[in-house]
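S.K.: Just need the structure, nothing else, for what follows:
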Amino acid sequence: MKINVNGKQVEIRDDAKNVMEALREIGIEIPNLCYLSETSVYGACRMCLVEVDGKEIVTSCTLAPREGMSIRTHTPKIYEMRKGILQLLLASHDGDCTTCEMNGKCKLQRYARDFGLTTNRFATVSKKAITDNSSIIVRDNAKCILCGDCVRACEELQTVSAIDFAYRGFDTQVVPSFEEKIENTECVFCGQCVAYCPTGALAIRNDVDKVYKAIENGKYVIGMIAPAVRASLQEEFGLEDDIAMAGRMVSVLKMIGFKKVFDVAFSADLVAYEEAHEFLERLEKNEKLPQFTSCCPGWVKFAEQYYPEYVPNLSSVKSPQMALGAIIKKYYAKEIGVNPEDIVLVSIMPCTAKKFEAEREEFNGDVDIVLTTRELVKVFKSTGMDIKMVEPEPFDRPFGLSSQSGLSFGKTGGVLGSVVEVIADKVAVKNVNTKQISEGTNLTEIELENGRIVRGIAVFGLGNVRKIVDKLKSGELQADVVEVMACNYGCIGGGGQPYPNDVRTRARRASILRETQSVDVLISPTENFHMRQLYEKYLGAPLSHEAHETIHTEYKHRRRIQEEEIDILPLPTDDEEKIKVSVCLGTSCYTKGSYEILEKLIALSNNEEWAKNLEIKGTFCLENCGKAPNVLINDRIVGEATIEKIKEVALSEIREKQGDTEVSKSNL
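M.R.: The predicted structure follows:
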């Protein structure tokens, strides 16, 4: 398609989404503050104005290109309009740029500089400031320009909807429901709201001071670096072709005071190796299929909240971060003669959810501090060192060797590909074929020598994940193993990566990571000598008791909204002996008979011997309203509950606790 742009004829793609994207591809970047190519068009900022056919001025993000149209992107009138929009935004914006997380990266700040706005003709107007520093994701609404990028990313890309617009007019704010704190919402801490925020209204909790304090206090500080981090640092420091970036990172960290620096790609090899054996065992027994990967903590929390029925299908192998943390604290500490309590393990990740993962109760503080790539960039810049001139050092042994598969964990498809590599080394594989079946989703069919077809899916973006899981539930789609990455394009698009973090940037990072991978001489995790040695010295065989104790975990249903329960019939006995029964008394369940169920349960526990260990509680939302009334028995939701169903599940729980197969309905 040919159009006229600023007096010159140019050719653009026929299928261009809008004029803004069409012009971007020919080297014209129209100013904008609210456009995300992956989401619906919002058109609120009005910065992307263009003149069409010498007549009307419209937003280029909402304008479809047509043959022969004439576009002017920068007229005196458009210049003044953009300048006025910026001045209005700045009049109600917190202008304390020097202490802002986005100083030097802020889009609003850049445009103000580009348009020469050293003064403002509008008086400063203060709006209600809402701040939340309690969570991994930090909010400061005084910096918010209501671009809506975070809202659309959370709702459309991730389908979580933890935040939205509230109030009207000048009082409009972006907040969670009822102005609740982020940590008390269904937020999965993927950080995509932070990734797209152009001004720093959403930021990441900064933990750099904790690292320096640990060094100052004489702790044995160990660092470990994820594969996606090095690709982003190459980009950030203008060293896209520098395959020695990982080594330069090691050098700088050691000059700061780190004792050792390990490669998370090593533990990615370990996780892929263990997870492949877990999958083969499940495949042979035909149980807990499809197996879902559990490397991504954003996805794990999403599954715990929205798909509790699939929680048993999650791989029980810890993520590379937590697996390496456990190994260092349990085994490596003894090897170097350092008390594990004196070791401070600092994990450097592209992901905000990794901070949440490290603080989960299941992991006993194996990883002490998580820094995102953004935080690491600040650390490096604050040293004054020219990273281009830093002599690279290798990762420390024994956890510094990795394969191409381990490095591939940094992008979508890497985990599944690594598992396939291990499978190919364990069983005869005849053919592997991969194809895209939908946006963000690839299907890999592995034909074994015995003729069996193993189907694997790699999917990124929680919105895409929801579609795939729903299709698996309905039987519309079949799979044996599913790799899930919460962020678009995988870890390279993590919420902790430097801004900008858009589609073009993520594609560039993936390319850098592929080039880094190609240098590695090891292909499969099975070729990693140090990983195999770890099994020989400590873990024994894959899936052994020791392996389960060290690098496996378990997950459970997690409520999206935290509410305190009401004790109705508490028991003084130990938790090990109780069967906890929580009856939902929320509106939907109450109208469908949950109060009557509660009365029958109380009568049951008072009159029948087998029910003496039922501890009865009232709760207000089990987030399963479509199947009301609901009752939670330990961690199992009984939907469309009746007293008979509750008895059946409670007896099943008693059997499991007592190991008594004779406990049955006859005991009633």
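S.K.: SS state for the residue nearest to R455 when sequence neighbours are not counted?
M.R.: Closest residue in space to R455, ignoring its immediate chain neighbours: A479 at 4.8 Å, by Cβ to Cβ, 6 or more residues apart in numbering. Any C-beta I mention is one placed from the backbone N, CA and C, and that applies to glycine too. Under DSSP: H, G, I helix; E, B strand; the rest coil, the three-state class of A479 is coil.
S.K.: who touches A479 in this structure?
M.R.: 290, 443, 455-457, 472 (Cβ atoms under 8 Å, 6 or more residues apart in numbering).
S.K.: right, and the helix or strand after the worst-scoring helix or strand of the chain on mean pLDDT?
M.R.: When the helices and strands of the chain are scored by mean pLDDT, DSSP states H and E, strand 566-569 comes last with a mean of 84. Using DSSP states H and E, the helix or strand that follows strand 566-569 in sequence is strand 579-584.
S.K.: name the helices or strands packed onto that next one?
M.R.: Contact analysis of strand 579-584 by 3 or more Cβ pairs under 8 Å, 6 or more residues apart in numbering; DSSP states H and E lists helix 594-607, strand 614-619, strand 631-633, helix 643-658 as its packing neighbours.
S.K.: any idea how far that strand is from the chain center?
M.R.: 31 Å (Cα atoms, centre = their mean, to the nearest Å).
S.K.: Within the sheet, what are the partner strands of that strand, with directions?
M.R.: The pairing partners recorded for strand 579-584 under DSSP bridges are strand 614-619 (parallel), strand 631-633 (antiparallel).
S.K.: Using CSV, list the CA coordinates for it.
M.R.: Written as CSV, here are the backbone C-alpha positions of strand 579-584 (Å, rounded to 0.1, in the frame of the first residue of the first chain):
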residue,chain,number,x,y,z
ILE,A,579,-10.4,-32.5,59.4
LYS,A,580,-11.0,-28.8,58.7
VAL,A,581,-14.4,-28.1,57.1
SER,A,582,-15.1,-24.5,56.0
VAL,A,583,-18.6,-23.6,54.8
CYS,A,584,-19.0,-20.6,52.5
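S.K.: and it, average pLDDT?
M.R.: Strand 579-584 shows a mean pLDDT of 91.
S.K.: Not counting that strand itself, show me its contacts.
M.R.: Taking Cβ under 8 Å, 6+ apart as the rule, strand 579-584 contacts 565, 568, 589, 594, 597-598, 601, 613-622, 628-634, 646, 650, 653-654, 657.
S.K.: try stretch 525-532
M.R.: Here stretch 525-532 has contacts from 266, 268-270, 272-273, 397-403, 405-406, 418, 421-422, 425, 522, using Cβ under 8 Å, 6+ apart.
S.K.: Give me the buried positions along that stretch.
M.R.: By neighbour count with 16 or more other Cβ atoms under 10 Å, stretch 525-532 contains the buried residues 525-528, 531.
S.K.: Could you do stretch 178-185 as well?
M.R.: So for stretch 178-185, counting by 16+ other Cβ under 10 Å, buried means 182, 185.
S.K.: what do you get for stretch 230-240?
M.R.: Buried residues in stretch 230-240 (16+ other Cβ under 10 Å): 230-237, 239.
S.K.: what about burial for the contacts of strand 579-584, which qualify?
M.R.: Here, 16+ other Cβ under 10 Å leaves 568, 589, 594, 597-598, 601, 613-622, 628-634, 646, 650, 653-654 buried among those.
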